[in-house]
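Undergrad: Okay, predicted coordinates and the sequence, questions at the end:
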Amino acid sequence: MKIVTTISELKTAVAAARNEGKTVGLVPTMGALHKGHLSLVGRACDECKFVVVSIFVNPTQFNNPDDLRTYPRTLDADVELLTANTRADVVFAPTAQEIYPEPDTRVFELGPIAEVMEGKYRPGHFNGVCQIVSKLFMYVEPDKAYFGEKDFQQLAIIRKMVSDLKFNIEIVPCPIVREESGLAVSSRNVLLTEASRKIAPLIHKALKASVTLMTDHTPKETANWVVGQLNSTKGFEVEYYDIVDGNTLQTITSWNETNYVVGCITVYAGKVRLIDNITYKK
Ligand code: PAF
């Protein structure tokens, strides 16, 4: 596996693969790799002859300087993990200067899907995600790019950007990977204190239990139940729980409003912001 830090080295490596007629897959990450990322890379390796993994903690998508500062950075361990467990061809690990020699002033008009949930609580976040992902798409020009369903709204935003900008790239959604306890794996899990780690699996437990409420409760009652369950646990503070149309990401008021219903949650476990989701119907 080759490790490159400049855009020109990256482009040279991809061009060589293209010359050999290889299909190209891209897995964008911010590092601190875990088995969720490995499942994305594994899928990319199954489906593409040449696989690029990018590792870059993108400053423009952080609206909280503390969050950016404390975000785990473990490049050596990431490279080891990829070498031992995947057949990825290239790791692209640029500096911020390489990606943003000038401030990126592009504004992505993403419409209502970007105004709710993460868009509401992390203003500017998705614009930053689109800035970095569009740059990676332009440098690599992959046939396929892989994203986890844990970041459900991010996936919808990237699909919208791909469709708006007419990128000829297939976006491949990959299922959430969970620890045995049910906790969705996340780079942020390493930041959990022992006490927070103990309660964190209750998030998925509450979401799963709430599915049974569908028969005799409205979406609003169901959402309130989830929030009540979690907020009654010491150490949790729910930021939002929205039960939404899985396509438009707008809150639904009745289960019959759409065939695709997803509940998206963000919870603070101590100081760590965890996100998860559950599909009620599809
Ligand atoms: O999901 C992430 O890790 C990041 O938002 C992404 C897509 C790599 C862009 O920085």
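TA: Nice, I can see it.

Undergrad: Could you tell me how many residues sit around Ala13?
TA: 18 (other Cβ atoms under 10 Å). C-beta: built from backbone N, CA, C; applies to glycine.

Undergrad: Could you check how far it is from Leu202?
TA: 44 Å (Cβ to Cβ, to the nearest Å).

Undergrad: next one: Ile252
TA: 25 Å.

Undergrad: And Glu179, by the same measure?
TA: 13 Å.

Undergrad: Neighbour count for those two, which is higher?
TA: Leu202 (20 against 17).

Undergrad: dump the residue contacts of that one.
TA: Listed by Cβ atoms under 8 Å, 6 or more residues apart in numbering, the contact partners of Leu202 are 229-230, 233, 236.

Undergrad: Now, those that are in strands?
TA: Phe236 (DSSP state E).

Undergrad: Please give the element, helix or strand, for Ser134.
TA: Assigned by DSSP states H and E, Ser134 belongs to helix 125-140.

Undergrad: buried ones in that helix?
TA: 125-137, 139-140 (16 or more other Cβ atoms under 10 Å).

Undergrad: Phi, psi for Ser186 please.
TA: Dihedral pair for Ser186: phi -160, psi 150, per degrees, to the nearest 10.

Undergrad: Tell me the spacing between it and Ile158.
TA: Where Ile158 is concerned, Ser186 sits at a distance of 18 Å (Cβ to Cβ).

Undergrad: Then Pro112?
TA: Pro112 is 16 Å from Ile158, by Cβ to Cβ.

Undergrad: Tell me the residues of this protein that contact the ligand?
TA: Counting by Cβ under 6 Å from any ligand atom, the positions of the chain adjacent to the ligand are 28-30, 58, 61, 129, 132-133, 151, 154.

Undergrad: Write the PyMOL selection for whichever of those residues are buried.
TA: Buried residues within these, by 16+ other Cβ under 10 Å, are selected in PyMOL with:
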select buried, resi 28+29+30+58+61+129+132+133+151+154
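
Undergrad: before we move on, back to that, which among the buried residues of helix 125-140 gets closest to Asn256?
TA: The closest of those to Asn256 turns out to be Phe126 (Cβ to Cβ; 29.3 Å).

Undergrad: Now do the strands in the chain.
TA: Assigned strands in the chain, in chain order: 2-4, 24-29, 50-55, 90-92, 144-148, 170-174, 236-245, 261-269, 272-281 (criterion: DSSP E).

Undergrad: helices and strands around the third one, which ones?
TA: Spelled out, it's strand 50-55. Packing partners of strand 50-55 (3 or more Cβ pairs under 8 Å, 6 or more residues apart in numbering; DSSP states H and E): helix 7-19, strand 24-29, helix 35-47, helix 75-85, strand 90-92, helix 125-140.

Undergrad: One more pass at 7 Å, please.
TA: strand 24-29, helix 35-47, helix 75-85, strand 90-92 (3 or more Cβ pairs under 7 Å, 6 or more residues apart in numbering; DSSP states H and E).

Undergrad: Each with direction, which strands does that strand pair with?
TA: strand 24-29 (parallel), strand 90-92 (parallel) (DSSP bridges).

Undergrad: Please report phi then psi for the residue in the stretch 151-282 of the chain positioned nearest to the ligand.
TA: Nearest residue of the stretch 151-282 of the chain to the ligand: Asp151, at 5.1 Å (Cβ to the nearest ligand atom). Dihedral angles of Asp151 (phi, psi; degrees, to the nearest 10) stand at phi -90, psi 70.
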